[in-house]
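> test case, fold it:
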Amino acid sequence: MNCYDFDRTVFFPDSSYLFVTYCLRRYPRAVLRAMPGTMLTGLLKLCGLRETRDLKEKIFSFLPYLDDVDGIVQAFWAENFDAGIADWYLRRRRDDDVILSASPEFLLRPAAERLGVRLIATRMDRHSGEIIGKNCHDYEKVTRFYREFPGQRPENFYSDSLSDSPMARISERAWLVEDRETLRHWPETNGGLR
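From the prediction side, this is the model:
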C-alpha cells in the first residue's frame, strides 16, 4: 500500500483554504460571522498562546450558519476536483492507496470516494466545526495509521511537508512532493533516520 498526504501533494492548492474561500463567495454572511474569532485566534497562535487545533476550529466555526453542509461540500468538489487532483498521482493511483490528512474528514470524504481510496483525516463535526479527538497531524498520522493497519507499513509515502517525517520514518520509501509534479527522496530517509 502507498500513503499520501492530501493538500499540496495529491490536491492543489489546499482543500480547506479553497473550501473556505468557496463558502466566502457563496455564503459570505456565514463566513464573515466567524472571521473576527478566526483572526483573534490566528494572532494568539502566532504568539504561541493557541494551538493549531484551536485555529482550525475557529476557521470552521462558520459551519453552523450553513443550511446543507453535505450538499455544499458535494458542490465544492464538483467544481474543484478535476482541476485540483495532480496528474502524477493519477498515474500512480492504486486501489489500496491511503490518504492521511490533517484536513477535515467531512471535507475530504467525497474526494477520497471519487478516487476510490481509503481516508484517514481529522474528525470534525461538520455542523459545529469542533474537532473530535486529535488533529490528524505529525505523529497522530502514525497513530491513526497503525490503528487502521496494525503491524503494516506503507511501501511509499508522499507529502509536501517535512512535518510528515513521522510517517516517512515508518515507510519503506518516502518522497517529498515539490512544485506540484517534482518528487525527490525524503531528506531524512537518506540520513538513515528510519
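> contacts for stretch 57-77?
Outside of stretch 57-77, the residues that reach it under the criterion C-beta atoms under 8 Å, 6 or more residues apart in numbering are 16, 18-20, 22-23, 26-27, 29-31, 33-34, 37-38, 40-42, 104, 106-107, 110-111, 114, 124-131. In this view, the C-beta of every residue, glycine as well, is placed from N, C-alpha and C.
> let me fix that: stretch 80-97
Residues outside stretch 80-97 that contact it (C-beta under 8 Å, 6+ apart): 1-4, 9-13, 15, 18, 22, 111, 114-118, 158, 177, 180-181, 183.
> list buried residues within those residues.
1-4, 9-12, 15, 18, 22, 111, 115, 117-118, 158, 177 (16 or more other C-beta atoms under 10 Å).
> among the contacts of stretch 80-97, which lie within strands?
2-4, 118, 158, 177, 183 (DSSP state E).
> CA atoms only: put the helix or strand harbouring residue 167 into PDB for me.
Secondary-structure element containing residue 167, defined by DSSP states H and E: helix 165-170. Included here for helix 165-170 are C-alpha records, laid out as PDB according to Å, rounded to 0.1, in the frame of the first residue of the first chain:
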ATOM      1  CA  SER A 165       8.500  13.000   8.800                       C
ATOM      2  CA  PRO A 166       7.000  10.600  11.400                       C
ATOM      3  CA  MET A 167       5.100   8.900   8.500                       C
ATOM      4  CA  ALA A 168       8.200   9.000   6.300                       C
ATOM      5  CA  ARG A 169      10.100   7.100   9.000                       C
ATOM      6  CA  ILE A 170       7.700   4.200   9.200                       C
END
